[in-house]
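Asker: Everything below, folded, please.
(2 chains)
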2 protein chains.
Amino acid sequence: MRNILIIGAGKSASSLIKYLLDKSEKEKLCITIGDISIEAAKKITTNHPKAKAIQLDVFEVNQRKKAVQKADIVISMLPARFHIEVAKDCIEFGKHLVTASYISPEMKALDADAKSNGLIFMNEIGLDPGIDHMSAMQVIDRIHKLGGKMLLFESFTGGLVAPESDTNLWNYKFTWNPRNVVLAGQGGAAEFIQEGKFKYIPYHRLFRRTEFLDVEGHGRFEAYANRNSLMYREIYGLKDILTLYRGTIRRVGFSRAWNMFVQLGMTDDSYKLQDSETMSYRDFVNLFLPYSPTDSVELKLRLSLKIEQDDLMWDKLVELDIFNPIKKIGIKNATPAEALQKILTDKWTLEPMDKDMIVMYHKFGYELNGVRKQIDSNMVIKGDDQTFTSMAKTVGLPVAIATLKILNGEINTPGVQLPIKKEVYEPILKELKDYGIIFKEHELPYIGYNPNNVIS
Amino acid sequence: MRNILIIGAGKSASSLIKYLLDKSEKEKLCITIGDISIEAAKKITTNHPKAKAIQLDVFEVNQRKKAVQKADIVISMLPARFHIEVAKDCIEFGKHLVTASYISPEMKALDADAKSNGLIFMNEIGLDPGIDHMSAMQVIDRIHKLGGKMLLFESFTGGLVAPESDTNLWNYKFTWNPRNVVLAGQGGAAEFIQEGKFKYIPYHRLFRRTEFLDVEGHGRFEAYANRNSLMYREIYGLKDILTLYRGTIRRVGFSRAWNMFVQLGMTDDSYKLQDSETMSYRDFVNLFLPYSPTDSVELKLRLSLKIEQDDLMWDKLVELDIFNPIKKIGIKNATPAEALQKILTDKWTLEPMDKDMIVMYHKFGYELNGVRKQIDSNMVIKGDDQTFTSMAKTVGLPVAIATLKILNGEINTPGVQLPIKKEVYEPILKELKDYGIIFKEHELPYIGYNPNNVIS
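Answerer: You can find the predicted model right below:
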């Protein structure tokens, strides 16, 4: 029997655990699920004979070390900042580690120790980061192998609501952490490179510089820029690439409407509001508008954002009931972002039968034998229900598959790493297809931003 | 003889030193000017027999302590963060201290020590903070003494170029630290209260929510909100006031034009640009605009900011030569804000004969015997030349006057303080009149924001 310790029984663990339990008989696996809440851990084991739930507080050193010691491999599904203590235990007791989080500098620093102990610390192997790396590197490596030169790489991911559950004017519901959605894009200008020119978009213009993406059978989407695309030049070995851009996918019209909140200042998380607990939604809106003894909040907002009579933007605001004078924010010392999140959560929470959807879209521009070409690749997957969401599948399945392949010695290069090597991404992407995570490729003439090489 | 130690021989020390030297005979004063640059210290003494220049590095403990020990009172004109070591020396050796800076928490913490040693640590006694406190408190105290109830307090200050030296379309030149001008308003939403309603303006809208101020004989100005007005409720004893707003004065049209830089993202100081040293002004502008193989930077900017053909905003940009493809930023690892400052400094630096101007404007709304009234009070002063600028006068003279009054025992309440008590502001404001710092008051009916008490 091989013992797998999974720390964290949160939302994204369902598909991960199901995958491993389904293979537990054949692969001789014993799964221990540790969570700070023993109830959460028990619930997710579904009373499976090969699963054991334990209470595990990651800050209880002895408890944590004991659990790690018993395992053959450890999966940490904790928030990223909690991985490092687990990782140090894995070094101490000689255990492999798998996480779906970005490699932190502290994690990176364990690389030499991991290598000298023959340990595989696989990170960034969820959806984004994870499937994005693997599906991108598969095409990039293929182009390079053919002798092609990469000109452009653009990559977009979005967690959305499935069309059959899409019941509001925003075409959006919270399918993941709402706070991350409200704060998206903050903390510095978005930085990328287009046709060899560095470009910067400040936060307050981010949602007005979107681009469109058409996905066959799924219609049109839009994307706004992620903060830092430039680091992918190094990670993906694309140092001289002319265009590199990563973005977040939404349904068309979302970003222009979201920009209303940005413009008003409602997404600010840097200061606390006075009297936020007893403040009505209407009062909240009025905070960001000039005082008037006579004009309504509605009129002031229309004027302030220049929203015309027949603009759907207006209906989007009304749908959120944001002008309600009775409903209260109900949070003490809330920041504007926290208050906005409260208002949005009223309307954007998934109903019990709602399904989510993940969309990923890559563009690869390259030159091969003097000809400029482009490959577009996209993946769309929907959730089955609110347990096996598309988010849980796309985050959990690559983690699960990688874990088993490490256990079975199929992935065997030690060190702190992310899944950009062929030995890793090839078998994992192949197996993901069985679970509906399938990339469709289209070859087209190179489009880019300057196909005719015009000089201004 | 009484010994006065002035630390810091910068721009704002000229009027301060002249005032004290002019009185040195009559008042038996010996002035020591210490600066990290002995040349700067020597230059500002103008070879006056009662002045002595010394080299003083505030981080050389022994040197600093020795200088403080010899003085009867110390004036620190250093940047605010350097006062605290001087202040501790003043406690140790029993010396009074005067600064023109905001009271830091560290300075505040010395209050008990100052009091128990009978020492006066007078701070915030320059222009803003300084003359603003004194001139506001004089009227507020008068209104309160009459039995009036304060309804509204608005206060505005601006450092500008004098009309006779106003030679550009922006009606602005740098008369003080350019960096502060470029970064003005950043670091959080502007917070204030209007007719009992809290209001917040995010940075990216700050320069579009200005108000106008008319000053008899000087024309019209505009003002944008300062970041934190609310703390003045406590400082000025205006806890229940309905309207409290502080702002910065510019000539009309400046803010709308400045907003172009804010919108583009050029005032961001949070990240460094790639290749900023060799970047042309034109390249810099292009960083913030979408890529196009054909369209010019000019056209992209016009479209991006929706600047029409006949809009003066455009001429303001052209005047700055911001589209120049030859001129280089010439600063390694510059932030956008640093690059913008470079471009502006080319055009907004004072010419040798240019004069500066300070404008301050207060509005006091109050109710007295059931009648709502308003007092508007304003002060305008111009510089004589580039030594005795209006900034040097308005910052340095209150410091100088307070210093002498402390020495002479006319100001005698010990502790860490700012000039909001009548015993302090009354004699100082009186003497400032002799130097042209004169407030003109106008009584008018209460205007406020809701004069007819309409409820929406």
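
Asker: And what about the residue of the stretch 1-150 of chain A found nearest chain B, helix, strand or coil?
Answerer: The nearest approach of the stretch 1-150 of chain A to chain B comes at A:Met150, 17.5 Å away (CB to the nearest CB). To be clear about C-beta, it is placed using only N, CA and C from the backbone, and glycine gets the same treatment. With DSSP: H, G, I helix; E, B strand; the rest coil as the basis, A:Met150 sits in strand.

Asker: which ones are touching it?
Answerer: A:140, A:143-144, A:238, A:241, A:364-366 (CB atoms under 8 Å, 6 or more residues apart in numbering or on different chains).

Asker: got the residues you listed as CSV, with pLDDT, secondary structure and distance to A:Glu277 columns?
Answerer: Shown next, in CSV, are those (pLDDT from 0 to 100; DSSP: H, G, I helix; E, B strand; the rest coil; distance: CB to CB, whole Å):
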residue, pLDDT, secondary structure, distance to A:Glu277
A:Ile140, 98, helix, 51
A:Ile143, 97, helix, 56
A:His144, 97, helix, 57
A:Leu238, 96, coil, 50
A:Ile241, 96, coil, 50
A:Phe364, 97, strand, 51
A:Gly365, 96, strand, 52
A:Tyr366, 96, strand, 56
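
Asker: Just the buried residues of the residues you listed.
Answerer: Taking 16 or more other CB atoms under 10 Å in any protein chain shown as the criterion, what is buried in the contacts of A:Met150 is A:140, A:143, A:238, A:241, A:364-366.

Asker: and whatever residue of the stretch 51-200 of chain A ends up closest to chain B, bridged to which residues?
Answerer: Going by CB to the nearest CB, chain B is nearest to A:Gln194 of the stretch 51-200 of chain A, at 3.7 Å. When bridges are called by DSSP bridges, A:Gln194 pairs up with A:Lys197.

Asker: any idea how far it is from A:Tyr224?
Answerer: To A:Tyr224, A:Gln194 is 15 Å away according to CB to CB, to the nearest Å.

Asker: So for those two, which sits in the more crowded spot?
Answerer: Taking other CB atoms under 10 Å in any protein chain shown, A:Gln194 and A:Tyr224 do not tie; A:Tyr224 has more neighbours (25 against 19).

Asker: pretty sure that one contacts A:Val252?
Answerer: No: judged on CB atoms under 8 Å, A:Tyr224 makes no contact with A:Val252 at a distance of 11.9 Å.

Asker: Give the full set of residues in contact with A:Phe93.
Answerer: By CB under 8 Å, 6+ apart, the residues touching A:Phe93 are A:65, A:68-69.

Asker: swap the cut-off to 7 Å and go again
Answerer: Applying CB atoms under 7 Å, 6 or more residues apart in numbering or on different chains, we find A:Phe93 in contact with A:68-69.

Asker: With A:Ile31 instead?
Answerer: A:4, A:6, A:17, A:20-21, A:24, A:50-51.

Asker: at 10 Å what do you get?
Answerer: A:2-6, A:16-17, A:20-21, A:23-24, A:45, A:48, A:50-53, A:71, A:75 (CB atoms under 10 Å, 6 or more residues apart in numbering or on different chains).

Asker: Strands - which of those residues land there?
Answerer: If you go by DSSP state E, the contacts of A:Ile31 have A:2-6, A:51-53, A:75 in strands.

Asker: Quick check: A:Thr175 touching A:Asp354?
Answerer: Yes: taking CB atoms under 10 Å as the definition, A:Thr175 is a contact partner of A:Asp354 at 8.6 Å.

Asker: what about A:Tyr102, neighbour count?
Answerer: A:Tyr102 has 11 neighbours, counted by other CB under 10 Å.

Asker: now A:Val297, nearest residue through space, not along the chain?
Answerer: A:Asn286 (5.0 Å; CB to CB, 6 or more residues apart in numbering or on different chains).

Asker: Let me know the pLDDT of that neighbour.
Answerer: According to the prediction, A:Asn286 has pLDDT 97.

Asker: Test my guess that A:Asp376 contacts A:Ser155.
Answerer: No: with contact defined as CB under 10 Å, A:Asp376 does not reach A:Ser155; the gap is 11.0 Å.

Asker: Which one of these two is surrounded by more residues?
Answerer: A:Ser155 (24 against 20).

Asker: for the residue of the stretch 51-200 of chain A closest to chain B, what are its contacts?
Answerer: Contacts of A:Gln194 by CB under 10 Å, 6+ apart are A:152, A:154, A:242-245, A:448-450, B:290-292.

Asker: Could you rerun that using 7 Å?
Answerer: By CB under 7 Å, 6+ apart, the residues touching A:Gln194 are A:243, A:245, A:449, B:291.
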